[in-house]
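Peer 1: give me a 3D structure for the following:
(one chain, ligands or ions: 2)
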Amino acid sequence: PVIATIALAGNPNAGKTTLFNSLTGSRQHVGNYPGITVEKKEGYVDTPHGLTRVVDLPGTYSLTAYSQEELVARDFLIHERPQGVINVLDATSLERNLYLTVQFLEIGIPVTVALNMVDALEAKGMRIDSDRLASLMNVPVVRTVARSDKGVREALDAAMNHPQKAWQPLHISYGPDLDPVLKEMTDLIEARDFLTQTYPPRWLALKFLENDLVVRQLFEADSELHRDMRDMADNVARHCEKTLKTQPEFIVADYRYGYISSILRQGVLTIQPDLQGRA
Ligand code: GDP
Ligand code: MG
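Peer 2: Ligands and ions are numbered 1, 2, ... in the order given. Down below sits the predicted model:
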């Protein structure tokens, strides 16, 4: 029997497919998601209580509605609700890779970070304190070198044994211009079952502010709510344009990067000259 589904997600070239191959060997098949050309890769791994299905999701930098890859990845996570997600990170560009991690955490998905390519990182004379990263971000972190099968099984075990059972969305601050309207929108959304049964309320509010067309369509089922949400979003967009010459979606990106750099500043990345050139 298949006892769990674990998804692999991350930026393009982080090593997802290498890790997928290492886990599933030849027990895999490749197809397409219905109606689109995005590849769907699935495989199976033997685990003590039965088979675990592993899905290699398309690589993405973000979870907007701008590309098929991003929509496939986020729809899979939201609608299929895998028991765990291994977020494969290229350790040599940690800051950029964490931008997607934060977005998974904002949905509330139980993420396990596979800090991949630590061999390449060490070859550059750098080291990531994975315990510190794990405690600052409140996620399990496993160091991997997928190309040499290192840490791969540990990453799967960590994802299967993730302590978080229900979604627990991360709420980061988007500053004085967006937080109040996000709160107002979230309160409105929380009263609507047809939305909250599938989506985390604050995530919907955030996506609405970011002008996500797919999310905006969801609200068309309730025209009064849709109008109120649009009014609020238009007001805050006008305010941002007038006072800051920017748009809510750029403010959101800035605060996400701010959140990440505040974590990285706390001694996560260290330079180790003695390691240089050894790996
Ligand atoms: P994907 O786009 O996330 O599926 O990434 P791939 O699995 O295709 O890997 C991208 C490249 O990184 C390939 O050339 C891999 O051989 C290489 N790669 C994968 N894992 C590692 C690793 O742990 N260390 C190093 N140095 N290279 C890796
Ligand atoms: Mg791939």
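Peer 1: what does the stretch 101-250 of the chain put close to ligand 1?
Peer 2: Proximity of the stretch 101-250 of the chain to ligand 1, by Cβ under 6 Å from any ligand atom, involves residues 116, 117, 119, 120, 145, 146, 147. (C-beta placed from N, C-alpha, C; glycine too.)
Peer 1: residues in contact with the fifth one?
Peer 2: Translated: residue 145. With contact taken as Cβ atoms under 8 Å, 6 or more residues apart in numbering, residue 145 is in contact with 116, 117, 118, 119, 151.
Peer 1: neighbour count for those residues - can I get that in CSV?
Peer 2: What follows is the contacts of residue 145, written out as CSV (neighbours: other Cβ atoms under 10 Å):
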residue, neighbour count
116, 32
117, 24
118, 22
119, 17
151, 20
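Peer 1: among the residues you listed, pick out the one closest to residue 140, please.
Peer 2: Lowest distance from residue 140 to the contacts of residue 145 (Cβ to Cβ) belongs to residue 151, with 11.9 Å.
Peer 1: the closest one and residue 35: what is the separation?
Peer 2: 36 Å (Cβ to Cβ, to the nearest Å).
Peer 1: got it, and residue 4?
Peer 2: Applying Cβ to Cβ, the value for residue 4 to residue 35 is 27 Å.
Peer 1: quick one: which of the two has more around it?
Peer 2: With other Cβ atoms under 10 Å as the criterion, residue 4 and residue 35 differ in neighbour count, and residue 4 comes out ahead with 18 against 7.
Peer 1: my guess is that one contacts residue 84, does it?
Peer 2: Yes - under the criterion of Cβ atoms under 8 Å, residue 4 is in contact with residue 84, at a separation of 7.3 Å.
Peer 1: spit out the residues that contact those two alike.
Peer 2: Taking Cβ under 8 Å, 6+ apart as the contact criterion, the common neighbours of residue 4 and residue 84 are residue 160.
Peer 1: name the SS class of the closest residue in space to residue 24 that isn't next to it in sequence, please.
Peer 2: Counting by Cβ to Cβ, 6 or more residues apart in numbering, the nearest residue to residue 24 once its immediate chain neighbours are dropped is residue 43, at 2.9 Å. State at residue 43, reduced to three classes by DSSP: H, G, I helix; E, B strand; the rest coil: strand.
Peer 1: just residue 86 next, same as before
Peer 2: Reducing the assignment to helix, strand or coil with three-state DSSP, the entry for residue 86 is strand.
Peer 1: roughly how far apart are the most centrally placed residue in the chain and residue 254?
Peer 2: Central residue of the chain (Cα atoms, centre = their mean): residue 104, 2.7 Å from the mean position. Residue 104 sits at a distance of 19 Å from residue 254 (criterion: Cβ to Cβ).
Peer 1: show me what counts as buried in the helix or strand hosting residue 51.
Peer 2: In this assignment (DSSP states H and E), residue 51 forms part of strand 50-56. Taking 16 or more other Cβ atoms under 10 Å as the neighbour-count basis, strand 50-56 is seen to contain the buried residues 52, 53, 54, 55, 56.
Peer 1: contacts for the next helix or strand after that strand next, please.
Peer 2: Using DSSP H and E, the next helix or strand after strand 50-56 towards the C-terminus is helix 68-75. Under the criterion Cβ under 8 Å, 6+ apart, residues 9, 33, 36-38, 57-60, 62-65, 107, 214 lie in contact with helix 68-75.
Peer 1: and helix 68-75, average pLDDT?
Peer 2: Along helix 68-75, the predicted local confidence has a mean pLDDT of 94.
Peer 1: tell me the buried residues in that helix?
Peer 2: Of the residues in helix 68-75, 69, 70, 71, 72, 73, 74 count as buried by neighbour count, 16+ other Cβ under 10 Å.
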